[in-house]
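Trainee: No letters, just coordinates:
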């Protein structure tokens, strides 16, 4: 049978490519594939997770012809993609810079003091971390391949005050057009796909999830 392997982040660097097709014997399990990958990725492979067809894989599952298996490094092995720590712009830039990069574009999303005409004092961000990490990795990989650049991203969670940075993106390319385009693509895809929600906190301390319809005591919206 033939399966497609996808490599993300550090795994892509180790392998030297973003994807490849491999032939495996019928009945090969995810666990057996991990052993096979040890010859391709070396000692680092035990730290990687495997996802099968966009979902985390059970080691005992048997692979099927046409499966897509992603090799995903752990968050602790490099820059995290989601977390409560402040956005470190210098680290985002360092992760993408290089002698072949002539342009680095940085996007920072910050907490502002109003939303749809209503005053806001702070925002609280909550994420489904495992899925958010996976979606962000896929968004980054797609942008890198489409624009021929290198991208790093981090989305913060927790309660953020006005002017604090909620999301940071750095994209480096040989030329500015590709860097700008990659940055814009990543933030637009984040808004569409990544499971991160925000709760708006008013100056009076009232809280509501973005998009939530509040109900008054009389039942009116």
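Mentor: Everything's here; your move. Since we're looking at a predicted model, the values are computed, not measured. Numbering: from 1, shown residues only.

Trainee: if I look at residue 97, how far off is residue 105?
Mentor: 12 Å (CB to CB, to the nearest Å). Placement of C-beta: from N, CA and C, glycine included.

Trainee: tell me, what's touching those two both at once?
Mentor: residue 172 (CB atoms under 8 Å, 6 or more residues apart in numbering).

Trainee: need the helix or strand of the chain with the lowest average pLDDT.
Mentor: Within the chain, judged by mean pLDDT, DSSP states H and E, the helix or strand with the poorest mean is helix 9-15; its value is a mean of 72.

Trainee: Quick check: buried residues in stretch 138-147?
Mentor: Along stretch 138-147, the positions that meet the burial threshold by neighbour count (16 or more other CB atoms under 10 Å) are 138, 139, 140, 141, 142, 143, 144, 147.

Trainee: Is the third one in a helix, a strand, or coil?
Mentor: Yep, that's residue 140 we're talking about. helix (DSSP: H, G, I helix; E, B strand; the rest coil).

Trainee: Can you name the residues that contact it?
Mentor: Each residue near residue 140 by CB under 8 Å, 6+ apart is listed here: 8, 9, 151, 152, 153, 186.

Trainee: In contact with the residue positioned nearest the centre of the chain, which residues?
Mentor: In the chain, the centroid-proximal residue (CA atoms, centre = their mean) is residue 136; its distance is 1.7 Å. Contacts for residue 136 (CB under 8 Å, 6+ apart) come out as 81, 82, 153, 155, 190, 194.

Trainee: Could you identify the helix or strand that succeeds the least confident helix or strand of the chain?
Mentor: Once the chain leaves helix 9-15, the next helix or strand it forms, by DSSP states H and E, is strand 19-23.

Trainee: Off-centre distance for that next one?
Mentor: For strand 19-23, the separation from the chain centroid amounts to 23 Å (computed by CA atoms, centre = their mean, to the nearest Å).

Trainee: and that strand, which residues are buried?
Mentor: Along strand 19-23, no position meets the burial threshold by neighbour count (16+ other CB under 10 Å).

Trainee: what's the answer for stretch 126-136, then?
Mentor: Using 16+ other CB under 10 Å as the test for burial, stretch 126-136 gives 127, 129, 131, 132, 133, 134, 135, 136.
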